[in-house]
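A.B. asks: Sequence and computational prediction follow.
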Amino acid sequence: MIAFELLVDVPVDLEITGKFIAPSSDWIHLSRILLDYELIVITHGVLYLAGDKQHFVVSKGEYLLLPPLTKQYGYKASECSFYWLHFSSKNGIKITDISNHPHNKEDNKIMLPQYGTLKSLEKIIVMMKQLQDAVRGYNQKTLNNYMSTVILCELYNQVFYTDNDPSKKTKQEQLYNDIVDYIKWSRSEHIKVSQIAAYFGYNDKYLSHLFTTISGLSLKQYILQQKMELAKFLLADTNQNINEVSIQLGYTDCHNFMKSFKKIVGLTPTDFRNAYAKRLLFYE
């Protein structure tokens, strides 16, 4: 697979960024020649996009990175939405075949596969929204460049950061990872520790102790944190009101949601939304 290797001791140059929402189900991406690098992060639906002669199918939670001089065009109707970021680099960017060159982490260098799946779409979306807020609120080139570089570094870590120590692949570690995945997919529901314990067939106290030992957080606290991560995404990327967000997270009382959000995030839901309210939305 093609990957792009770039030095980040100097920030990249942001050209333009925004969010796009397809105006209809029969929308097809325009045809053009890219003048710089474009990062696309899909937040809804599927994008059918070609780069030169290669056809890509990019779904929600996935990203695509295309280099300058690529002939970019839609080859099929795409009902989708995505964040996009155009950038260039003073240091230049090396194109390599990652399958033939094993990757070694270096502090001043990142490698980005052309296409991949994100471990945390919500985190990238919030960072893209913060960048757009900065562009519209300050439009200071240095700030924009560094924020864009941070997004690329986060993308890099989501793609490559894994624990490859086989000595840690124990039954308890596997159970812990299963619990994390269960919470991730159930965080829009009203889930309790007892419900998780019953699902996996363990005692409440044992499961809580196991989770705390491995993660350093109580199971109850982790559930709450994950709910608030989803809440931040909904507040940053949708126009749902606070009550609608609380219902989507499984809260029956909006005030309890607002209290929990303030405790975890340090801001009220309204203050968090207003802090990054300057989204750049595009329809063409």
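C.D. replies: Arrived safely, thanks for sending.
A.B. asks: Centroid-wise, who is the farthest residue in the protein?
C.D. replies: Most distant from the centre of the chain: Asn203, at 33.8 Å, with distances by CA atoms, centre = their mean.
A.B. asks: what's near enough to touch the most centrally placed residue in the chain?
C.D. replies: Nearest to the geometric centre of the chain sits Leu121, at 2.4 Å (CA atoms, centre = their mean). If you count contacts by CB atoms under 8 Å, 6 or more residues apart in numbering, Leu121 has them with 41, 43, 60-61, 233. Quick note: C-beta positions are derived from backbone N, CA and C, even for glycine.
A.B. asks: Pull out the buried residues from those.
C.D. replies: For these, a burial check counting by 16 or more other CB atoms under 10 Å picks out 41, 43, 60-61, 233.
A.B. asks: Closest one of those residues to Gln114?
C.D. replies: Nearest to Gln114, judged by CB to CB, of those is Val41 at 13.6 Å.
A.B. asks: for that closest one, which residues make a bridge with it?
C.D. replies: Beta-bridge partners recorded for Val41 (DSSP bridges): Tyr63, Tyr83.
A.B. asks: can you pull the buried residues of stretch 206-213?
C.D. replies: 207-208, 210-211.
A.B. asks: So which elements touch the helix or strand of the chain with the lowest mean pLDDT?
C.D. replies: Within the chain, no helix or strand scores below strand 281-282, which has a mean of 72 by mean pLDDT, DSSP states H and E. Counting contacts by 3 or more CB pairs under 8 Å, 6 or more residues apart in numbering; DSSP states H and E, strand 281-282 is packed against strand 13-21.
A.B. asks: any idea of the mean pLDDT for the strand it packs on?
C.D. replies: When pLDDT is averaged over strand 13-21, the result is 96.
A.B. asks: residue ranges of the strands in the stretch 1-150 of the chain, please?
C.D. replies: 2-7, 13-21, 32-33, 37-51, 54-59, 62-66, 71-74, 80-88, 93-97, 109-113, 115-117 (DSSP state E, counting those that start in this stretch).
A.B. asks: okay if I get the ones you listed as CSV plus distance to Asn145?
C.D. replies: Output for the strands of the stretch 1-150 of the chain, formatted as CSV (distance: least, CB to CB, whole Å):
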stretch, distance to Asn145
strand 2-7, 13
strand 13-21, 5
strand 32-33, 24
strand 37-51, 13
strand 54-59, 25
strand 62-66, 17
strand 71-74, 23
strand 80-88, 8
strand 93-97, 15
strand 109-113, 15
strand 115-117, 23
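A.B. asks: looking at these, which one has the lowest mean pLDDT?
C.D. replies: strand 93-97 - the lowest mean pLDDT of those, at a mean of 84.
A.B. asks: List the pairing partners of that strand within its sheet, with orientation.
C.D. replies: Paired strands of strand 93-97, defined by DSSP bridges, are strand 2-7 (antiparallel).
A.B. asks: For the closest residue to Glu229 other than its chain neighbours, give its distance to Ala231.
C.D. replies: Nearest non-adjacent residue to Glu229, counting by CB to CB, 6 or more residues apart in numbering: Glu122, 5.6 Å away. Counting by CB to CB, to the nearest Å, the gap between Glu122 and Ala231 amounts to 9 Å.
A.B. asks: which of the two has more neighbours?
C.D. replies: Ala231 (26 against 19; other CB atoms under 10 Å).
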